[in-house]
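Visitor: with the sequence up front, the predicted model follows.
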Amino acid sequence: ETQRTQAALQTSEDLVAATFRAVSIGIAQVDAVTRRFVAVNAAFCALTGYDQAELMTMGPESISHPQTPLDQARFAALLDGSADYREEKRLLCKHGRELWVEIEGTLLRNRAGRPHRVLGLVRDITARRAAEQALHGRVARQTFLMQLNDRLRTLQDPSAIAAEATRMLGEFAGVARVVYAEDDGNGRTCTITCGHARGVPPIDGVHPLADYGTAMRAELRAGRTAVIDDITTSPLLDAQDRQRRASLGIAAVVSVPVHGAARRAALLVHDRVPRAWTPQDVELFEDVAQRMRSDIDRARAAAEARAT
């Protein structure tokens with residue numbers, strides 16, 4: 001009888017071990033006292049980028065992203081049996097790679113009934129989180145654009161339209177400065193309306209076109225949006241251009257030509273630190289620029305009609 005029991009136990013343990021190795025979901029066991037990994041499967045190694053030997057010197061805290069640390073209260077509740085452990089969090093994997101995962105933790109007790117190990121099931125949800133964030137971003141941008149339309153429709157003064165649109169865009173995008181620059185038609189200057197400046201000085205008023213830089217002006221004339229993540233490395237700027245922008249608190253910029261405007265114009269979005277502008281950022285700025293152009297031209301046409 002004892003031999004049959006031991007054989008059955010060995011068969012069960014072999015089955016568990018085979019399952020542990022074969023499943024595609026990440027599995028890790030953590031010592032309840034030391035909080036170190038004591039067993040990991042191949043899928044968990046693949047998720048984190050660390051091999052088994054490296055992970056045996058680490059614990060959950062070692063791979064938690066600083067912005068989503070291990071939930072200590074939830075972990076303590078798991079150990080005392082008052083709650084299960086389940087959360088979505090970011091991991092900071094080998095070589096700095098970031099990963100969103102869903103973690104389910106189960107407490108394993110020893111024969112004396114005391115907490116022994118925590119069995120964690122770890123699923124990669126990075127693609128799902130990215131899709132959710134993209135959807136949220138699209139909804140937020142559409143909501144913002146509707147609010148912008150509603151607000152600009154109530155304004156009749158071109159300067160007020162430029163000021164309000166740049167203010168709203170700056171607050172929504174979380175940037176340092178947004179300005180609307182309009183060519184004065186004399187070949188020398190442009191007039192800037194700055195409705196949003198946070199942590200940097202506003203730059204309303206008349207400015208020389210030369211301050212814009214030769215290459216940047218060429219991009220504008222060609223009708224191309226210029227995207228600069230970092231002014232110190234952009235080929236569109238020479239040393240003088242970089243120095244001039246740095247003095248204004250500009251480290252990153254997107255310059256959007258306003259197509260079809262009665263006067264040549266541009267929407268400029270600045271940040272005071274280098275910034276990796278996304279295609280969604282640029283698309284939003286271009287959309288706002290054209291909406292501004294439409295409303296400013298509408299206001300000017302209405303003013304001319306009233307004057308005649």
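Guide: Perfect, thanks for sending it. Numbers count the residues shown, from 1 in each chain.
Visitor: can you show me the strands along the stretch 151-300 of the chain?
Guide: Taking DSSP state E, counting those that start in this stretch as the test, the strands found in the stretch 151-300 of the chain are 177-183, 189-197, 205-208, 226-228, 252-257, 265-271.
Visitor: cool, and the stretch 1-150 of the chain?
Guide: Applying DSSP E, counting those that start in this stretch to the stretch 1-150 of the chain gives strands spanning 26-31, 37-40, 85-92, 98-109, 115-124.
Visitor: closest to residue 292 out of those strands?
Guide: Residue 292 lies closest, by CB to CB, to one member of those: strand 98-109, at 36.2 Å. In short, each C-beta sits where N, CA and C put it, glycine included.
Visitor: picking that back up, let's have the strands of the stretch 151-300 of the chain in a markdown table, adding mean pLDDT and distance to residue 284.
Guide: Shown next, in a markdown table, are the strands of the stretch 151-300 of the chain (pLDDT from 0 to 100; distance: least, CB to CB, whole Å):
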| stretch | mean pLDDT | distance to residue 284 |
| --- | --- | --- |
| strand 177-183 | 95 | 11 |
| strand 189-197 | 94 | 14 |
| strand 205-208 | 94 | 25 |
| strand 226-228 | 97 | 13 |
| strand 252-257 | 96 | 10 |
| strand 265-271 | 96 | 9 |
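Visitor: turn the ones you listed into JSON lines, including mean neighbour count and distance to residue 151.
Guide: Converted to JSON lines, the strands of the stretch 151-300 of the chain look like this (neighbours: other CB atoms under 10 Å; distance: least, CB to CB, whole Å):
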{"stretch": "strand 177-183", "mean neighbour count": "24", "distance to residue 151": "15"}
{"stretch": "strand 189-197", "mean neighbour count": "21", "distance to residue 151": "12"}
{"stretch": "strand 205-208", "mean neighbour count": "12", "distance to residue 151": "24"}
{"stretch": "strand 226-228", "mean neighbour count": "22", "distance to residue 151": "27"}
{"stretch": "strand 252-257", "mean neighbour count": "24", "distance to residue 151": "20"}
{"stretch": "strand 265-271", "mean neighbour count": "25", "distance to residue 151": "16"}
